[in-house]
Each structure stands twice: as structure tokens, then as C-alpha cells.
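[1] I need the structure of the sequence given here:
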Amino acid sequence: MQPFFVIRIINHNQFDRFILYNLLCSTMKENQFNKPLVNTVANKAIETIDLANWLPNDQDIVHFDLRPFLYKELILKEAEFRIALQEIDWSIYKKKHVRIYCSNQSIIPIWAFMLVAQYLAPHVSFAAHAMQISEFNNLFLREKINTLDTEYYKNKRVVIKGCSDKNIDIEIYTWLTQKLVPTSRTINYGEACSMVPIFKKSIDD
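    Reported below is the predicted structural model:
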């Protein structure tokens, strides 16, 4: 049922003003409900960092196992090990990300991993000793952060995305935060729609 108004009409001018007032009110209400919703969070030009997206693709990761180079897959003999490494075509690792490890419990001297690393160095994008894939990923992210161009994030609102399906260490998040603090305007953790504030540059900075 439509509302109705009982008015006392004194003159035509007063009645005209009353009609005009009601028309204006109706127009304002209609515009208010038809106004499109604005995502104020999105309009703040937030730069989101998803660390999982920084990790290399699985097909670009090569696993270099020292086990086949051991005598009876147990003992490392230096002379034979050096000869075996010299016979490898290391160019097959060009632009690859190489995880160096040993798949059994043999005691491998540190210099053996160093020797493999020096052969890989001219060819690979990244190489590191890691017994687990998650360990390798975290070492890769640490290197990525070390070489990060922070000028790209200068005076920007940055969100470091959480809840990754990758096993990323807390240390990586703290290291990235330290790297971004000098240049970023703000740093938040989580999602653009639900953020936990971490850092905000003071007005005096």
C-alpha cells in the first residue's frame, strides 16, 4: 500500500514546492540504490606477493643424486668420483634449478657437494644442497629475496599472501619483510580482502 500525505494547501505555490520536494527525494533514493558498488580495497593499488608463484616449475628442477657415484653405493672414492664428474656433459643443466643431495645414509664429505656445485655453476640458474624439496624451495626463495629489486615496490601498498600450499618457512616471510620495509609504503599479510597490518611508513619518512 502506497503511503499518502494529508496536507493543507494554502496556495498553489506552496503545493508546487511540495510536489517538487517529493520528486527530488524519490530521485535521490533511486540513484542511491542504483549506484554501483565500489571495491575501495582494489582501488588502493595493492601489490600482492605470492611466494609460491616465485618457485620454479617442477619441470625446471633437476635432482642430482650422489648415490650412483659411490663405490657399492656406500663409499665415496675421491679419484673415481672426480673422473666420473669430468665425464658428465654439464651443459644438459643449462638454465635448470638443481637440487644436490644423496639418497641414502652414506657419509659424504662436504667437498664432494662443493665439487658438483663448481661444475654446475657456469650452466644452472640455481643450485643448492637440500635433502628435501621443501628445503630446496626455501633456499631458492631466500636467494630470490636477496636479489629482489625493491625499487619496484617503492611507496607501494604490499600484501604478502599467506596460506600457501607450499611448505614455506616462516624465516622466508620475515626475511622478505625486512627487505621491503625500507621502500614500501605499507606491508600487510594475508589477502587483499582480509589483511593483517605489519608495517606502515610514518609521515615523516
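[2] what about Tyr152, how many neighbours?
    Per other C-beta atoms under 10 Å, the neighbour tally for Tyr152 reads 9. The way it works is simple: take the backbone N, C-alpha and C, and place the C-beta from them, glycine included.
[3] who's in contact with it?
    For Tyr152, no residue counts as a contact, taking C-beta atoms under 8 Å, 6 or more residues apart in numbering as the criterion.
[4] is Asp48 in a bridge, and if so with what?
    Just to correct that, residue 48 is Thr rather than Asp. Beta-bridge pairing of Thr48, defined through DSSP bridges, involves Val159.
[5] count of residues packed around it?
    If you count neighbours by other C-beta under 10 Å, Thr48 ends up with 13.
[6] I'd like the distance between it and Ile187.
    Note on Thr48: its distance to Ile187, by C-beta to C-beta, to the nearest Å, is 12 Å.
[7] what do you get for Glu135?
    26 Å.
[8] quick check: closest non-adjacent residue to Trp175.
    The shortest distance from Trp175 to any non-neighbouring residue, by C-beta to C-beta, 6 or more residues apart in numbering, is to Ile145 (5.5 Å).
[9] got a list of contacts for whichever strand or helix holds the one you found?
    Following DSSP states H and E, one finds Ile145 within helix 133-146. Under the criterion C-beta under 8 Å, 6+ apart, residues 51, 54-56, 61, 97, 99, 126, 128, 130, 166-169, 171-172, 175-176, 179 lie in contact with helix 133-146.
[10] would you mark the buried spots in that helix?
    Buried residues in helix 133-146, counted by 16 or more other C-beta atoms under 10 Å: Ile133, Glu135, Phe136, Asn137, Asn138, Leu139, Phe140, Leu141, Lys144, Ile145.
[11] check what pLDDT the closest residue to Asp169 other than its chain neighbours gets.
    On the basis of C-beta to C-beta, 6+ apart, the spatially nearest residue to Asp169 that is not a chain neighbour turns out to be Asn138, at 4.8 Å. As predicted, Asn138 sits at a pLDDT of 95.
[12] how about low-confidence regions in the chain?
    Residue ranges of the chain with pLDDT under 70: 1-44, 192, 203-205.
[13] now the helices for it?
    Applying DSSP state H to the chain gives helices spanning 12-34, 51-54, 78-86, 110-120, 133-146, 170-180.
[14] name the residue closest to the centre of the chain, please.
    Central residue of the chain (C-alpha atoms, centre = their mean): Asp50, 2.0 Å from the mean position.
[15] which ones are touching that residue?
    Applying C-beta under 8 Å, 6+ apart, the residues near Asp50 are Lys161, Ser164.
[16] what about the helix holding Ile145, distance to the chain center?
    On the basis of C-alpha atoms, centre = their mean, to the nearest Å, helix 133-146 sits 12 Å off its chain's mean C-alpha point.
[17] could you tell me the angle between it and helix 170-180?
    Compare the direction of helix 133-146 with that of helix 170-180 by axes from the mean of the first three to the mean of the last three C-alpha atoms, to 10 degrees and you get 10 degrees.
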